[in-house]
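In: Fold the stuff below for me.
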Amino acid sequence: MADECVDSEIVSQFLLNTCRLRPQLTKHAAQAAGYCAYFTTRHPRDDVEAERIPLITGSAAEFYIEPMLPCVGDIDVMCHLSILLAIPRGHPPPTQLPAEFHNYVDVGEIVDSQFPGYVYLEARYLLAYCPEDEKYHYVECNRGSYLSSYMSISSDQSNVRHGPAQFTDNSDAKLLLSVDVVSCCRCLAWPSQAADWPARQRNYGWPDSATVEHVVSNACDIVQVAHRHCRQHDWVSAHQFRLSFSRAEIVLINSWMPVQQIVYHMLRVFVKTERLTDSVDNSNAATLSNYHIKTLMLWACELKPRSWWTDSLNLVKICVKLLHTLSVWLTDRCCQHYFINHCNLMDDNIRNMQMTLIKLMSTNEARLTSWFVKNYIDKCAERCPLMVSDMKLHNVVSAVVDWRLANSLLDLWCAFGNAEFIIQLIVSRFSLTLRSCVYTTKMFAKMDAHLTVYFTAVAFFDVARRISSNGFSDELMDILTSLLGYDVHILRYQLSSLFFLNTAAKFMNAVAYKFVSTMQLVEIHLWKAYLQRALR
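Out: A predicted model of the protein is given here:
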């Protein structure tokens, strides 16, 4: 037993030493930016007025650690529409909206269903932007009309539906991760269904008041998916939505200590490898899901003191305690939603419950230690060259940790190569728009300033190619202006003769104090183009 205790500590130290802090630039971060840039060029149902506003969610956004075994299996993206907004019931129509919204916006009021967390959207207002007072004005809609699932992401029949998501499998392409895309409706106000969460009594100071305020300011989204009991009802399945707190979860999970993120990663690896999130007959009713593990961790971080996580730093022992808590939830068939009161996430028709319960309840420190040695450390060791199979555990751990540290620069170099590939793919395969250009520049600027230089160079070549083929257009003019670092309004309601004259004046002022160069010639050309555009 003493040896088993030592081994569990070795496993814990291995994970603590190999789960480094994730750099801003990683393979999945670059690919997530690429997917988001693509989605900004797509219009729902060929509606050129509507824009998709993407948000990276899931593991790619939640984890700030980078374990040896990847914690990001695919890219999760949520896209809300610039022409649609949800508001809590009784909430007044907004007069100001973020710049990403269109000048005409349909507003749906959130109406509760019989299932907590599931709602309907009753058509309530039509907002119209007025440039004179820079506010939105509203017209009331006739009551009794409900918004339906017209927010489909893609008409491509090759995409697979995963609940509210459309899944694109890129497993055949070794360089690309697969992507799950969820179309949603944005809600800018904290929903009444979770009204108790901000003021809930928290004895151990997590989340702190600043994090709570940040979460509430991000509010939530509404995704089109019906409750399991309602999916056979045609009208309900087309009109029922679910509250999504993905934005809140990203903020909360990023506020965890590294040890909490590592435990979350360990639990996910365990339940996935043991197939506790899959049902035997491959139906949709699995015993557990990753969301149960996330909910378990959120409650534990709130209900356990900081010392519970940090005093012994025995991660295996922490995982065992949490798995036993999960078994109690499963026995009681009760998993309380972290944000919504009276919302039970444990399905009343649980499959494979007995098998899962036996596996969870029989897990102790010794067994879980052996499991992680066999299913985690051994897999990591396979990546380490010149590893001898008969080495003792502590020697294997030391060798892998040293190899991991020595390869940090190589991993970063590979990430840069992948990012350059993604940039070339974005520009060559997807016709750059002003929105996608602005979005891509911002995303890569967060990762590394050198990538924005690379993207600008590649985009300049693409603009030159398009000009030589189709001539100089207003869209290419705006893209060039954005690439030069000038602010360009994306939405057409903000464009006016005054705006174009001001932009021309900025270019005139800029070129007046520069030596003659290729870039100055581009700016002079844009100055003339914006002046002509203003006169038009």
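
In: So which residues of the stretch 151-300 of the chain form strands?
Out: Assigned by DSSP state E, counting those that start in this stretch, the stretch 151-300 of the chain shows strands spanning 160-162, 165-168, 179-187, 220-223, 241-244.

In: What about the nearest residue to C414 once chain neighbours are set aside, how many residues nearby?
Out: Closest residue to C414 apart from its sequence neighbours, by CB to CB, 6 or more residues apart in numbering: K27 at 7.3 Å. Any C-beta I mention is one placed from the backbone N, CA and C, and that applies to glycine too. Residue neighbour count, defined by other CB atoms under 10 Å, stands at 20 for K27.

In: Which pLDDT value belongs to K27?
Out: K27 carries a pLDDT value of 87.

In: who touches it in this structure?
Out: 177, 414-415, 418 (CB atoms under 8 Å, 6 or more residues apart in numbering).

In: Closest one of those to K321?
Out: Of all the contacts of K27, K321 sits closest to L177, with 32.7 Å by CB to CB.

In: list the contacts for that closest one?
Out: 27-28, 31, 72-75, 170 are the contacts of L177 under CB under 8 Å, 6+ apart.

In: List the contacts of P385.
Out: Neighbours of P385 in contact, by CB under 8 Å, 6+ apart: W403.

In: Can you give me the buried ones in stretch 305-312?
Out: Across stretch 305-312, burial judged by 16 or more other CB atoms under 10 Å covers W309.

In: tell me the average confidence for it?
Out: 94.

In: try stretch 416-431
Out: 90.

In: Give me the pLDDT for the nearest residue to S497 once chain neighbours are set aside.
Out: Excluding its sequence neighbours, the residue lying closest to S497 (CB to CB, 6+ apart) is A534, at 4.7 Å. Looking at A534, its pLDDT is 76.

In: Could you name the helices and strands sitting against the helix or strand containing A534?
Out: Secondary structure from DSSP states H and E places A534 in helix 518-535. Using 3 or more CB pairs under 8 Å, 6 or more residues apart in numbering; DSSP states H and E, the elements in contact with helix 518-535 are helix 474-483, helix 497-511.

In: per-stretch mean pLDDT over those helices, give me the minimum one.
Out: Note on those: helix 497-511 shows the lowest mean pLDDT, a mean of 73.

In: And the contacts of that helix?
Out: So helix 497-511 is contacted by 481, 486, 488-489, 520, 523-524, 526-528, 530-531, 533-535 (CB under 8 Å, 6+ apart).

In: so how far is Y35 from the residue most central in space within the chain?
Out: The chain has T57 as the residue nearest its centroid, 1.2 Å off, counting by CA atoms, centre = their mean. For T57, the distance to Y35 equals 12 Å [CB to CB, to the nearest Å].

In: which residues are in contact with both of those two?
Out: Joint contacts of T57 and Y35 (CB under 8 Å, 6+ apart) are V77.

In: Please give me every residue in contact with the residue nearest to S497.
Out: Contact analysis of A534 by CB under 8 Å, 6+ apart lists 497-498, 500-501, 504.

In: same thing but at 6 Å, please
Out: 497, 500-501 (CB atoms under 6 Å, 6 or more residues apart in numbering).

In: Distance of it relative to L498?
Out: 8 Å.

In: for S255, same thing?
Out: Using CB to CB, one obtains 44 Å as the distance from S255 to L498.

In: Same check on P385?
Out: Distance, P385 to L498, using CB to CB: 64 Å.

In: Then R231?
Out: 52 Å.

In: Show me which of these two is the more surrounded one.
Out: Shown here are R231 and L498; by other CB under 10 Å, R231 has more neighbours (13 against 9).

In: List the contacts of that one.
Out: By CB under 6 Å, 6+ apart, the contact set of R231 is S237.

In: Could you check how far it is from A86?
Out: As judged by CB to CB, R231 and A86 stand 21 Å apart.

In: From R242, how far off is V251?
Out: Taken as CB to CB, the span from V251 to R242 is 20 Å.

In: Could you list the low-confidence segments of the stretch 301-450 of the chain?
Out: 348-351, 386-390 (pLDDT under 70).

In: Strands of that one, start to end?
Out: Going by DSSP E, counting those that start in this stretch, the stretch 301-450 of the chain shows no strands.

In: Identify the residue nearest L121 in space, chain neighbours excluded?
Out: Counting by CB to CB, 6+ apart, the residue nearest L121 is G108, at 3.2 Å.

In: so where does the one you found fall, helix or strand?
Out: Short version, using DSSP H and E: G108 is in strand 104-112.

In: Which positions in that strand come out as buried?
Out: Buried, per 16+ other CB under 10 Å, within strand 104-112: 105-110.

In: quick one: strands adjacent to that strand?
Out: Neighbouring strands of strand 104-112 in its sheet, by DSSP bridges, are strand 75-87 (parallel), strand 118-130 (antiparallel).

In: any chance of those strands in TSV, with mean neighbour count and distance to F270 too?
Out: As requested, the strands paired with strand 104-112 are exported to TSV (neighbours: other CB atoms under 10 Å; distance: least, CB to CB, whole Å):
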stretch	mean neighbour count	distance to F270
strand 75-87	24	21
strand 118-130	20	30
